[in-house]
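Colleague: task: produce atomic coordinates for the following.
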Amino acid sequence: FSDKDSDRVGVLQLKYEEMNGWNAESDAATLLSNLEIREDLHYKLMNELDGIQKVKVLLAQALFGNPDVLIMDEPTNDLDFETIKWLESFIANYDNTVIVVSHDRHFLDSVCTHISDIDFGKINHFSGNYTFWYESSQLALRQKTQQNKKAEEKKKELEDFIARFSANASKSKQATSRKKMLDNLNIEDIKPSSRRYPAIIFNSERYAGDQILNVDNLSFSDSSSVLFDKISFNLNKGEKVVLYSKDTRATTAFYQIINNEIKSDSGKFNWGITTSQSYLPLDNSSFFNNKLSLVDWLRQWAKNDEEREEVYIRGFLGKMIFSGEEALKKADVISGGEKVRCMLSRMMMLRSNVIMFDEPTSHLDLESITALNNSIKKFKGNVILSTHDFEFAKSVGDRVIELTPKGVIDRLNSFDDYIVDNKVKELRKKLYS
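Modeller: Residues are numbered from 1 along each chain as shown. Coordinates of the predicted model:
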C-alpha cells in the first residue's frame, strides 16, 4: 500500500462523501419503505419479489441519488393509490428537472409545470398542468366558432380563465413555479386543440326500480390466498360505487361472479328484476377471437332492423373515431385501445341501466379517458367502477366498497375523502393483516 494508493483513497473518500455515500444505505431503505417495500424484503433478490414489488424497487432505483434529470414512462402503472400519492408529493417538491409520460390526469396535474403535446408529428409546449392545457385549449376551440364575439371579449374571457386557474395553485414547489408562469402567460400562446374526443354517451333503455343488487356473504379464494370473505351490501338506486381492493384480483373476481362468469366459494347475489347489466372486463380478448369487420362485430348487439343497417353502425363507429376504412378492420387485429373503444360501443348499444367497469382506462389515450369519465358522471343509472385513475375514482364515485380478505369496508364517501380517512386507514390495516 503505497503513498500513491493513500492519496488515491483520500480522493475517492472525498468524492464518496460529496455523493453522500455514507448515507446511501439508509436513504435507499427510506425510499423503499416509503414505497411500501417491507424492511424484511430489503435484502431479498429481485427474482424473489412479486411483480408489483419489482415495479416499486425499479421506481426507487430511478429516484435514488437525486438525479439532475428524472425521466419516467407511465410511473403510476401497477401502483396503489397510497404509493401514487407519495410519488406525487415527492416529485411536486423535487428540485431538479422531471420529464414524465403518463395517462394519469391527477398525477399530471399534481406534478407538472408544463405540458408538451405531440400531435400530427409536431411538439407543442404549453405552460401549466394537464387540466389547464385541456380546459384552455377547449375554451380557445369554442371561441374559434364564436364569430359574433368581439376579440376584446374573447381576450377578457381567456384572461379571467387564467386568473381563476392561477389562484387555485397549491403550495408545493411545482405549483408555485406553475403559478408564476401562468401569471406571465401570453394569451396568444393558448391555441385550440386539434385532438379528437370520442362521443361516449350511455343511455338506459328503461329506468331501474328500487331493487338494484343484493350481495350476501360472498366469499372467494384462488389457489394461493383468500381474495375476499363474507362480503355483504345492498346497492341503492342511482349510486355510483368505486369497488376497491389492494389486490386487483379480488375486484376482477367479484365482477366475474356477479356477471355469472365464475362461481363464488360461498354466499349469493341477486340482481333486481328491472335491472339490465353491461360490463367492461379487464380481459376482453374472448370478444375478438374472430375475423369479423368492426361493422359486423358491433352488429351482433343490434336490437332492431334500424340498428343492423350499415349506415347506422358506421355512424356509431364514427363517433368512436373509427371513420372510413377503419370501420372495416378485422376484429382480431385491432389494438388494445381500439378494443376498449369497441367494447364501450357495445355497452352503449346495450343501453343497460347498470354499467360496470374493471380498469376501463387501460389502453385508452387521454382524450378517450376524459370522454369516458365525463360520460359516466352524466349517466343516470347505477355504476360499479374499479380504476387506478385517481381523477376517475374521485370524480365519479359517491360510495366506496373495499373488498378485503377479512370482510368489507363500505362508506358513503367520495374516493378522495375515503383514502385519507384515518379511521378507514386503521380498519384497512386490521382487515389486510
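
Colleague: by mean pLDDT, point me to the weakest helix or strand of the protein.
Modeller: Every helix and strand in the chain was compared by mean pLDDT, DSSP states H and E; the lowest is helix 173-183, with a mean of 56.

Colleague: return the set of buried residues in the helix or strand that it is followed by.
Modeller: Once the chain leaves helix 173-183, the next helix or strand it forms, by DSSP states H and E, is strand 213-221. Using 16 or more other CB atoms under 10 Å as the test for burial, strand 213-221 gives Leu213, Val215, Leu218, Ser219, Phe220. For the C-beta atoms, the positions are set from N, CA and C on the backbone; glycine is no exception.

Colleague: by contact count, what packs against strand 213-221?
Modeller: strand 226-235, helix 248-258, strand 266-271 (3 or more CB pairs under 8 Å, 6 or more residues apart in numbering; DSSP states H and E).

Colleague: thinking again about what came up before, closest to Lys406 among the buried residues of strand 213-221?
Modeller: Compare each of the buried residues of strand 213-221 with Lys406 using CB to CB and the shortest gap goes to Ser219, at 10.8 Å.

Colleague: the helices and strands packed on strand 213-221: which one's closest to Asn93?
Modeller: For Asn93, the closest of the helices and strands packed on strand 213-221 is helix 248-258, at 29.2 Å, according to CB to CB.

Colleague: ok, and for the closest one, which residues are buried?
Modeller: For helix 248-258, burial by neighbour count (16+ other CB under 10 Å) applies to Thr248, Ala250, Thr251, Thr252, Ala253, Phe254, Tyr255, Gln256, Ile257, Ile258.

Colleague: so the fourth one touches Asp358, yeah?
Modeller: Going back to what we said before, that points to Thr252. Yes. In this structure, Thr252 is within contact of Asp358 by CB atoms under 8 Å, at 5.7 Å.

Colleague: what is in contact with these two at once?
Modeller: Common contacts of Thr252 and Asp358, defined by CB atoms under 8 Å, 6 or more residues apart in numbering, comprise Pro281, Leu282, Ser386.

Colleague: could you give the bridge partners of the closest residue to Tyr94 other than its chain neighbours?
Modeller: Distances taken as CB to CB, 6 or more residues apart in numbering place Leu70 nearest to Tyr94, at 7.0 Å, with adjacent residues excluded. Note on Leu70: beta-bridge partners by DSSP bridges are Val98.

Colleague: how close does Leu70 sit to Arg8?
Modeller: Per CB to CB, to the nearest Å, Leu70 is found 32 Å from Arg8.

Colleague: compare neighbour counts for the two and give me the winner.
Modeller: The neighbour count for Leu70 versus Arg8, taken as other CB atoms under 10 Å, is higher for Leu70 (17 against 11).

Colleague: buried sites along the helix or strand hosting Ser137?
Modeller: Using DSSP H and E, Ser137 sits in helix 130-145. If you call a residue buried by 16+ other CB under 10 Å, then helix 130-145 has these buried ones: Tyr130, Thr131, Phe132, Trp133, Tyr134, Ser136, Ser137, Leu139, Ala140, Gln143.
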